[in-house]
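A.B. asks: need a 3D model of the sequence below.
(2 chains)
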Amino acid sequence: MVVTRFAPSPTGYLHIGGLRTALFSYLWAKKNGGTFLLRIEDTDKARNSEEAAIAIVNAFEWLGLAHDGEITYQSKRDDIYAKYIKQLLDEGKAYKCYMSKDELTELRETQMANKQRTMYDGRYRDFDGTPPEGAEAVIRIKAPTSGPIVVKDGVKGDITFQAEDILDDFVIARADGSPTYNFVVAVDDALMGVTEVIRGDDHLSNTPKQIVVYEALGFTIPAFYHVPMIHNSEGKKLSKRDGATDVMAYKDMGYTPASLLNFLVRLGWSHGDQEIFSMDEMIELFNPKDINKSASIYNTEKLDWLSSHYIKNMPNKQLAELLEFYGLVLTSHDKREILLDSLKERAKTLKELAELTKEVLATPVSYDEKAVAKGFKADAAEILNAFAAKINAAEELHLPSDYHHLMEAVVQEMEIGFGKIGQPLRIALLGKLSGPGLDNVMAIIGKEETLLRIANAIKANA
RNA sequence: GGCCCCGUCGUCUAGCGGUCAGGAUCCAUGGUUUUCAUCCAUGUUACAGGAGUUCAAUUCUCCUCGGGGUCACCA
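C.D. replies: A predicted model of the protein is given here:
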């Protein structure tokens, strides 16, 4: 049974980097028919907020990454942590340390002055005297003072740390009794039955400490996969300062979960030359052992490409539903199919598609000056009038081809090139020289609106 | 600074001793399109450097350089 988890601390929104490790964890659990758990690490009361926890859950909902079972909140598990801390105390594997913060600071300063590494000196490790008057105690764990600690990492291979280089008797419970991060992570992962920990490699140097906790408590050590960081364009760890790192901002920008997830899965992971992955394919093909060792730089060029790919290939009905979030209601539009077929190949995001659609649907209120100078020549009014006359005379005008035939007729009768009617008509219909096929536009807006736009343009530009 | 990790086109990556170093994106050019976009075709650009090992190194080893992470009574 594979059990993975995502364990954010609710200090803000869900960010891109977190989402990627969550996605990896999710995929690996699903691939193995296992369980993907969510744990909110809200032990730091000063920095955490309930809104942040809700925001994270909402983001997962938008993305369709469902966790299994109930969400675990660390803030509700004080009793459990207290129990294990007491156990370690009773077994002599942890002890009370009465050193004050001032004393600690002083120790560190001396060590720095002597160019030693800063660490707790273990002065209360075997203390059995009377505690100093009024001193508050923290609980420290007895960590090994020398020897190798090996992290068996599925991404980077075996990583050997020397206890004397990195460890000291670190604090597992603060003076107020609250447990610290490295302790609760190990306890929770063990109690929740987590078998594979997939997380950012900024946690790599914490892992030996957690291993100390696992071993002291007699828990089974899970498999670790430390995935490389995502860097910003400066090559530094991606942080909130780097602009769009809030996952929900991607919804606002018009990206779909499918494109965002596809983009993220390919950051640090690949499967041969394949670029497009459906959720089913990701689940089928993902394996954390294939995760890259090196960090990747966050660059959204490919996200745009993926996004347009997914929009182009999405059924119009589904597209119309998604577009409502961006203020475009098309559900009852009778020309929805033509409309979206002719516009969805032009948009990189849903938001862009919504805007392009609104532009086509709205009667132009102004005309691009350069476009008029280039495309609305002296004979424009005559040609457009001839075309308008044909529209007026026509009985049935529904399909793009119906309008196309009328344009061809004008071209033939007046013995002009297609551009002669195309350019002014484009300006009349859209106010500029670019845009979707004119026959499509006319079929979408209909006979009356087409005539109106032609009349308006002649009035304004002739 | 100590410890740890990493180093293939600008970017995301394939490669797991012998390849014209492949794909994607971006960019450029051409074609298609009345226009723009799409689409199609073509093209430019990479093994950080130096020693080894080997008949042969992008691939294995070491060193250098470069980048990153982490060193709390934060998580």
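A.B. asks: packing partners of the longest helix anywhere in chain A?
C.D. replies: Taking DSSP state H as the criterion, chain A has its longest helix at helix A:438-461. With contacts taken as 3 or more CB pairs under 8 Å, 6 or more residues apart in numbering; DSSP states H and E, helix A:438-461 sits against helix A:336-343, helix A:350-361, helix A:380-393, helix A:400-414, helix A:418-430. From N, CA and C alone the C-beta is placed, and that goes for glycine too.
A.B. asks: want to try TSV for these, with distance to A:Val329 as columns?
C.D. replies: Output for those, formatted as TSV (distance: least, CB to CB, whole Å):
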stretch	distance to A:Val329
helix A:336-343	11
helix A:350-361	10
helix A:380-393	28
helix A:400-414	23
helix A:418-430	21
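A.B. asks: which one of these lies nearest to A:Gly147?
C.D. replies: helix A:350-361 (56.2 Å; CB to CB).
A.B. asks: tilt between that closest one and helix A:438-461?
C.D. replies: Put simply, helix A:350-361 runs at 60 degrees to helix A:438-461, going by axes from the mean of the first three to the mean of the last three CA atoms, to 10 degrees.
A.B. asks: buried residues in helix A:350-361?
C.D. replies: A:350-354, A:356-357, A:360-361 (16 or more other CB atoms under 10 Å).
A.B. asks: also stretch A:413-427?
C.D. replies: Residues A:420-427 are the ones in stretch A:413-427 that count as buried (16+ other CB under 10 Å).
A.B. asks: could you dump that stretch to CSV, C-alpha only?
C.D. replies: Output of stretch A:413-427 as CSV, limited to C-alpha atoms (Å, rounded to 0.1, in the frame of the first residue of the first chain):
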residue,chain,number,x,y,z
GLU,A,413,-19.3,41.2,-60.9
MET,A,414,-17.1,44.1,-60.1
GLU,A,415,-14.0,42.4,-61.4
ILE,A,416,-11.9,43.1,-58.3
GLY,A,417,-9.6,41.0,-56.1
PHE,A,418,-10.8,39.4,-53.0
GLY,A,419,-8.8,41.8,-50.9
LYS,A,420,-10.8,44.7,-52.3
ILE,A,421,-13.8,43.7,-50.5
GLY,A,422,-12.1,41.8,-47.7
GLN,A,423,-10.2,44.7,-46.2
PRO,A,424,-13.0,47.3,-46.0
LEU,A,425,-15.5,44.7,-44.9
ARG,A,426,-13.1,43.6,-42.1
ILE,A,427,-12.8,47.1,-40.9
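A.B. asks: that one vs RNA strand B: in contact?
C.D. replies: Yes. With CB under 7 Å from any atom of the strand as the criterion, RNA strand B is reached by stretch A:413-427 at A:418-419, A:421-423, A:425-426.
A.B. asks: coming back round to it: now what about the longest helix of chain A, what contacts it?
C.D. replies: Contact with helix A:438-461 is made by A:335, A:338-339, A:341-342, A:360-361, A:363-364, A:367, A:372, A:376, A:380-381, A:384-385, A:387-388, A:391-392, A:394, A:397-404, A:407, A:422, A:424-430, A:435, as judged by CB atoms under 8 Å, 6 or more residues apart in numbering.
A.B. asks: I'd like the mean pLDDT over it, please.
C.D. replies: Regarding helix A:438-461, the rounded mean pLDDT is 95.
A.B. asks: now the angle between helix A:336-343 and it, please.
C.D. replies: Relative orientation of helix A:438-461 and helix A:336-343, computed by the same axes, to 10 degrees: 80 degrees.
A.B. asks: tilt between helix A:438-461 and helix A:380-393?
C.D. replies: 130 degrees.
A.B. asks: buried set for helix A:438-461?
C.D. replies: Neighbour-count burial for helix A:438-461, counted by 16+ other CB under 10 Å, picks out A:438-445, A:447, A:450, A:453-454, A:456-458, A:460-461.
A.B. asks: same deal with stretch A:152-159?
C.D. replies: Neighbour-count burial for stretch A:152-159 flags A:153-156, A:159 (criterion: 16+ other CB under 10 Å).
A.B. asks: is that stretch positioned near RNA strand B?
C.D. replies: Yes. Contact of stretch A:152-159 with RNA strand B (CB under 7 Å from any atom of the strand) involves A:156-157, A:159.
A.B. asks: rewinding a little: buried members of the contacts of helix A:438-461 into PyMOL, please.
C.D. replies: This is the PyMOL syntax for the buried subset of the contacts of helix A:438-461, where burial follows 16+ other CB under 10 Å:
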select buried, chain A and resi 335+338+339+342+360+361+364+367+372+376+380+381+384+387+388+391+397+400+402+403+404+407+422+424+425+426+427+428+429+430+435
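A.B. asks: nearest to A:Ser239 among the buried residues of helix A:350-361?
C.D. replies: The shortest gap between A:Ser239 and any of the buried residues of helix A:350-361 belongs to A:Lys351, at 25.2 Å (CB to CB).
A.B. asks: how near is the closest one to RNA strand B?
C.D. replies: Distance of A:Lys351 to RNA strand B, given as CB to the nearest atom of the strand, to the nearest Å: 15 Å.
A.B. asks: could you find the closest non-adjacent residue to that residue?
C.D. replies: Nearest non-adjacent residue to A:Lys351, counting by CB to CB, 6 or more residues apart in numbering: A:Gly254, 3.0 Å away.
A.B. asks: A:Arg174 too?
C.D. replies: A:Val138 (5.8 Å).
A.B. asks: spit out the contact partners of the one you found.
C.D. replies: Residues near A:Val138 by CB under 8 Å, 6+ apart: A:96-97, A:99, A:171, A:173-175.
A.B. asks: repeat the analysis, applying 10 Å as the threshold.
C.D. replies: A:95-99, A:101, A:104, A:120, A:124, A:170-177, A:180 (CB atoms under 10 Å, 6 or more residues apart in numbering).
A.B. asks: swap in A:Gly154?
C.D. replies: Contacts of A:Gly154 (CB under 10 Å, 6+ apart): A:196-198, A:223-227, A:287-291.
A.B. asks: and if you look at A:Ile383?
C.D. replies: A:377, A:410-411, A:414, A:416, A:420-425 are the contacts of A:Ile383 under CB under 10 Å, 6+ apart.
A.B. asks: residue of chain A nearest RNA strand B, please.
C.D. replies: The nearest approach of chain A to RNA strand B comes at A:Gly422, 1.6 Å away (CB to the nearest atom of the strand).
A.B. asks: need the per-residue pLDDT for A:Thr43.
C.D. replies: pLDDT recorded at A:Thr43 is 82.
A.B. asks: is it in contact with A:Ser9, as I believe?
C.D. replies: Yes. Using CB atoms under 10 Å, A:Thr43 is in contact with A:Ser9, at 8.1 Å.
A.B. asks: still on that earlier bit, nearest to A:Ala113 among the contacts of A:Ile383?
C.D. replies: For these, the nearest to A:Ala113 is A:Gln423 (79.1 Å; CB to CB).
A.B. asks: before we move on, back to that, need the pLDDT of the residue of chain A closest to RNA strand B.
C.D. replies: Confidence at A:Gly422, expressed as pLDDT, is 95.
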